[in-house]
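1. predicted model and sequence follow; I will ask about them next.
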Amino acid sequence: MLRCLAIDDEPLALELLEDNISKVPFLQLVAACSNPIEAMKVLETESVDLVFLDIQMPGLTGLQFIQSLAKKPLFILITAYEKYALEGYNLDVVDYLVKPVPLDRFVKACHKARELFQLRNAVSDPSPTTTSTPKADYIFVNVDYSLLKVVLSDILWVEGLKDYIKINLKSQPNKPIVTRMSMKSVEEELPADRFCASINPSS
């Protein structure tokens, strides 16, 4: 479970961010703040692993906020401006999302943050008695505006349907899952040692 903090000075954007966080099972929202100063007070008293951060805010910008911290959690920048992307990545942010952010893109960034968090913990605790966290044997897909957990071993094959994919399952062979997602995105989610891409010769 990743303990996270949401920071955005726009109330509607902050509300949407809170809602997206609530849909990701491995995220726990510690606090939602309307400015970096308020967030600093939270960081003094709470343990936070991941921060969702807007950039353009009055007073202290998101980028200035990152630079001000001595001990930095992971950061995912969520902004309406693409021009800060390079500066953001120079600060080693996990991901850079441009508003409005599709839910599947948001979830992908969260998975990336979780993998990086697990990797950091494994490196910081090299004790031989410590077992590494196994790679998840499931993925989440967005169906009817909510996340649906799909176990990898239940997947028979995945078909591309223009802007959608169809996931055929062993457990429900007559009822495949259809979700708005690109084949490239799902290939990045599936482990390469268990799934391979193929082209239908009749297509």
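-> Arrived safely.

2. can you point me to the longest helix in the protein?
-> Longest helix in the chain by number of residues (criterion: DSSP state H): helix 103-124.

3. just checking, what packs against that one?
-> Applying 3 or more CB pairs under 8 Å, 6 or more residues apart in numbering; DSSP states H and E, we find helix 103-124 packed against strand 2-7, strand 74-79, strand 95-98, strand 138-143, helix 183-189. All C-beta spots, glycine's among them, are computed from the backbone N, C-alpha and C.

4. how about the fourth one: buried residues?
-> Applying a neighbour-count criterion of 16 or more other CB atoms under 10 Å, the buried positions in strand 138-143 are Ile139, Phe140, Val141, Asn142.

5. what bridges to the third one?
-> Translated: Val141. Leu148 (DSSP bridges).

6. so which of the buried residues of strand 138-143 is the closest to Thr79?
-> Closest to Thr79 out of the buried residues of strand 138-143 is Asn142 (22.0 Å), distances taken as CB to CB.

7. verify the stated contact: the closest one with Arg180.
-> Yes. Assessed by CB atoms under 8 Å, Asn142 is found in contact with Arg180 at 7.0 Å.

8. list the residues that contact both of these two?
-> Here Asn142 and Arg180 have Asp104 as joint contacts, going by CB atoms under 8 Å, 6 or more residues apart in numbering.
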